[in-house]
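Trainee: pasting a predicted model and its sequence here:
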Amino acid sequence: MSTLHDMDLRQLEAFATVISAGSVTAAAKALDRSQSSVSRLIQELEQSLGYPLFIRNGPRIHPTEEALQLHQYVQKALLSLQQIRLRADEIGHQQHRPLSIVATPALAAGLLPQALAMMASQNKIQIVSQSAEQAAHAVITAEADVGLCSLPLEHHAVDLHWIGQSRCVVALHQDDPLAAEEQVSIASLAGRRMIVPLSPLRLRGRFEKVLKKRKLPPHETIETNSSANILACVRAGLGVAILEPVTAWGMPLEGVAIRTLEEEIPYFFGVITPQGRQISVAAQSLVDALEQAASNLLPAFQRLPASEHQRVMKLINQE
């Protein structure tokens, strides 16, 4: 087993750059090093690890399966070290640390920009999009100042400021006959191809329960992990979608009609900050601005107090 000291930072940097650049030549140019020095660093890393990272075929190299697995961890570690360097420089120059925000992709793209525009803050801001579970973890570990993600969000290491509630919608191609209706029922979607979230948990699981309760036949589906992809598929005429409202209203797509769903399927999300850490003025301003932005953007938006979390989760689980 190699120790941490066996893996030189320069070796890891060379490894990550070769993976990203696609060749030793391109990596050497990006790092402003010679090709021979980059090759030597890679070989030294392979020796310390005890397994090959690249398959060599003349001048061409291809990463091994082990290299691809290792790369995701090395990339995160190098990014963290870069952040430490930046924070250290800011401390040395007495600069304010940036406002770090983590959010699910839908909330980061559909709601967060409107809230930031209301703040008109000149502070440095960092926005990272992650899954709901990863976003919550970033706040739990205080890597982020503010988190914005779907429920559940009850954890002893976070402060839940408020819960947002709105209604899911139907996304249709603009030429779909149902687009002429103000409201669309789930029954009217029977037999149609559905564009659905990849994960069976959270929102997809909830509307599939409604379909089952209505005794509607299973739908042929296209699965994707992005609400933006769902809208793009609908615009291409590949199917219809039951969609969370933030992407639908916050990122309207030409050629896609958004209609109210007759059956109410609530969409819940929350705003969290690390517990036990004094919230900054900028973070508190964002918490308040997010509420105003959600109220402006989402039809029938309701702000629920954090104390409602248990009741909301019970409601979701009973649907």
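Mentor: Right, received. Where do you want to start?

Trainee: can you give me the domain boundaries for the protein?
Mentor: Per the record, the chain has its domains at 4-92, 99-163+269-312, 169-264, by automatic domain parsing.

Trainee: which one of those domains lies nearest to Q318?
Mentor: The closest of the domains of the chain to Q318 is domain 169-264. By CB to CB, the value is 9.7 Å. Bear in mind the C-beta positions are built from the backbone N, C-alpha and C, glycine included.

Trainee: now do the same end-to-end measure for that closest one.
Mentor: 9 Å (CA to CA, to the nearest Å).

Trainee: tell me the mean pLDDT over it?
Mentor: Averaging pLDDT along domain 169-264 gives 88.

Trainee: can you pull the contacts of L9?
Mentor: By CB atoms under 8 Å, 6 or more residues apart in numbering, L9 lies in contact with L81.

Trainee: same check, this time on V24
Mentor: V18, Q35, V38, S39, I42, I61.

Trainee: next, the distance between the ends of stretch 127-147.
Mentor: End residues of stretch 127-147 are separated by 10 Å (CA to CA).

Trainee: pull out the buried residues from that stretch.
Mentor: For stretch 127-147, burial by neighbour count (16 or more other CB atoms under 10 Å) applies to 127, 129-130, 132, 135-140, 144-147.

Trainee: likewise stretch 15-28?
Mentor: In stretch 15-28, counting by 16+ other CB under 10 Å, buried: F15, A16, T17, V18, I19, A21, V24, A27, A28.

Trainee: could you do stretch 303-314 as well?
Mentor: By 16+ other CB under 10 Å, the buried positions in stretch 303-314 come out as A306, E308, H309, V312.

Trainee: any chance of CSV for those, columns secondary structure, distance to Q11 and pLDDT?
Mentor: Output for those, formatted as CSV (DSSP: H, G, I helix; E, B strand; the rest coil; distance: CB to CB, whole Å; pLDDT from 0 to 100):
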residue, secondary structure, distance to Q11, pLDDT
A306, helix, 46, 92
E308, helix, 51, 92
H309, helix, 46, 91
V312, helix, 49, 89
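
Trainee: could those go into TSV alongside distance to P152?
Mentor: Shown next, in TSV, are those (distance: CB to CB, whole Å):
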residue	distance to P152
A306	12
E308	12
H309	7
V312	9
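
Trainee: so for the residue lying closest to S39 once chain neighbours are set aside, what's the pLDDT?
Mentor: Nearest residue to S39, sequence neighbours excluded (CB to CB, 6 or more residues apart in numbering): V24, at 5.7 Å. Listed pLDDT for V24 reads 88.

Trainee: repeat that for T3.
Mentor: 51.

Trainee: just E143 next, same as before
Mentor: 87.

Trainee: what's the longest helix in this structure?
Mentor: helix 65-92 (DSSP state H).

Trainee: rewinding a little: any chance of the buried residues of stretch 15-28 in JSON lines with distance to S80 and secondary structure as columns?
Mentor: Shown next, in JSON lines, are the buried residues of stretch 15-28 (distance: CB to CB, whole Å; DSSP: H, G, I helix; E, B strand; the rest coil):
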{"residue": "F15", "distance to S80": "16", "secondary structure": "helix"}
{"residue": "A16", "distance to S80": "13", "secondary structure": "helix"}
{"residue": "T17", "distance to S80": "17", "secondary structure": "helix"}
{"residue": "V18", "distance to S80": "20", "secondary structure": "helix"}
{"residue": "I19", "distance to S80": "17", "secondary structure": "helix"}
{"residue": "A21", "distance to S80": "21", "secondary structure": "helix"}
{"residue": "V24", "distance to S80": "25", "secondary structure": "helix"}
{"residue": "A27", "distance to S80": "21", "secondary structure": "helix"}
{"residue": "A28", "distance to S80": "25", "secondary structure": "helix"}
